[in-house]
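Fold the following, please.
(2 chains)
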Amino acid sequence: MHPDLDQQRSLARRLREMPDEAAQPYDWSEFQRRSGTRTRPGPGLAGARALAAATVLALGVVAVWTRLGGWSPTPPRPASVAAARLAPEATQPLAAHTAAMEHWLASLPSEPAVVHVGTRAAVTGLEDRIAQVDDLLSAARLDQAQPARLLALQQARTRLVGALVQVRYAETLADESR
Amino acid sequence: MTRLVEITVPDAVLARACAGDEEARRAIYAAVAPATLTLIRRIVGQRVVSEDLFQDTMMILYERLPQFRREAPLGAWLRQIAISRCLMYLRSPWKRLCLSLDPADFGVAAAGAALVTPGYRGESIDLERALAALAPTARAVVWMYEVEGYSHQEIACAFGRSVSFSKSQLARAHVRLRAWFEPQENRPSCTLI
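Numbering: from 1, shown residues only, chains lettered A, B, ... in the order given. As a prediction, the model looks like this:
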């Protein structure tokens, strides 16, 4: 017989004759306990799926909102003059809502335990947009711009912070399920 | 070594387990768990990861037990689930990232030593070290072909690759394994003590 074939058969025989795993698996009660603590079919898979779905959803919301002209540095149209009269009252709940969201964001660690490139890109993109709106808001306040413009900028900021909260919340859920 | 594919469970026990009987499920666990963990350990290597995949495999077994058509032994069906879980793990981007970091950060020899099961003697340790020295994909192909009796066609299907992928992986692995067992100096071996 060809020596290579002989060696191959010998190797296969050796592998088949290897003893069982020396350490036995845990018992039935431990299996049940672990099954109870695990709610997902695979390590990290469900968390990753949830994170991916939430990220896609958040990005979709931001994309649609941007496409519809949600944020625009252009001055408000004359039609929003009526809204301008309501601006001081209208901005208060917005500011409170934004402050609550920012308080929650501030309580999170600056980065999750496991950093996903796609999610991080979405987070930094949103943070950049918020910083841009903050700049515009500061400039508008210094220029004593119309209240309608301030309201529009404040609304844009609230939406961006909301999108950021959704992404960070999904990130937190994925971390916890890991 | 008890092969998972040869393990059968009486129909009555299976029927009771499908109906949710705790004792029947416990009996199935006792019958298949050791061979399942051994199979996963051989393919994946690391004990901790193996236990994680073992837990997944057993949970899937009980979830899908009512779908088992009893056309083959329960062990053969479970083997499919276990191998599928192992290959999913080996294909995951996270695993590939870890593999790309391992040699630089910890050293191949250290990683190989960590894969040796405590309690093994002589040739078993040599074999386990030789398997650990293979790349994970090559190790899976060797085990599926040589021990589990899969054909190249079946291995190619499981990996989603061509038949020649399976053949070339096996051929290269054989070369490495043969080199491992040829007597050389400076190689840790328990059979030479």
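
Count the neighbours of the nearest residue to A:His116 once chain neighbours are set aside for me.
Of all residues not flanking A:His116 in the chain, A:Leu51 sits nearest, at 6.7 Å (Cβ to Cβ, 6 or more residues apart in numbering or on different chains). Using the backbone N, CA and C atoms, a C-beta is placed for each residue, glycine as well. For A:Leu51, the count of nearby residues is 25 (other Cβ atoms under 10 Å in any protein chain shown).

same check, this time on B:Val175
Neighbour tally, B:Val175, other Cβ under 10 Å: 11.

one step back: pLDDT wise, what is the residue nearest to A:His116 at?
Confidence at A:Leu51, expressed as pLDDT, is 72.

before we move on, what about the one 3 residues further on?
Per-residue pLDDT puts A:Ala54 at 77.

OK, contacts around it?
A:Ala54 makes contact with A:166-167, A:169-170, A:173 under the criterion Cβ atoms under 8 Å, 6 or more residues apart in numbering or on different chains.

repeat that with 7 Å
Contacts for A:Ala54 (Cβ atoms under 7 Å, 6 or more residues apart in numbering or on different chains) come out as A:166-167, A:170.

out of those, who's nearest chain B?
Taking Cβ to the nearest Cβ as the measure, A:Ala170 is the one of the contacts of A:Ala54 closest to chain B, at 18.3 Å.

check which helix or strand covers the closest one.
A:Ala170 belongs to helix A:147-176 when assigned by DSSP states H and E.

in that helix, what counts as buried?
Within helix A:147-176, the residues that qualify as buried are A:147-168, A:170-171, A:174, counting by 16 or more other Cβ atoms under 10 Å in any protein chain shown.

Please apply the same query to stretch B:140-149.
For stretch B:140-149, the neighbour count (16+ other Cβ under 10 Å) marks B:140-148 as buried.

now, which of those residues lie close to chain A?
Restricting the buried residues of stretch B:140-149 to those within reach of chain A (Cβ under 7 Å from any Cβ of the partner chain) leaves B:146-147.

okay if I get the buried residues of stretch B:140-149 as CSV plus pLDDT?
Listed next are the buried residues of stretch B:140-149 as CSV, based on pLDDT from 0 to 100:
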residue, pLDDT
B:Ala140, 92
B:Val141, 93
B:Val142, 92
B:Trp143, 91
B:Met144, 93
B:Tyr145, 93
B:Glu146, 90
B:Val147, 89
B:Glu148, 90
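
and of the buried residues of stretch B:140-149, the nearest to B:Ala72?
Closest to B:Ala72 out of the buried residues of stretch B:140-149 is B:Glu148 (13.5 Å), distances taken as Cβ to Cβ.
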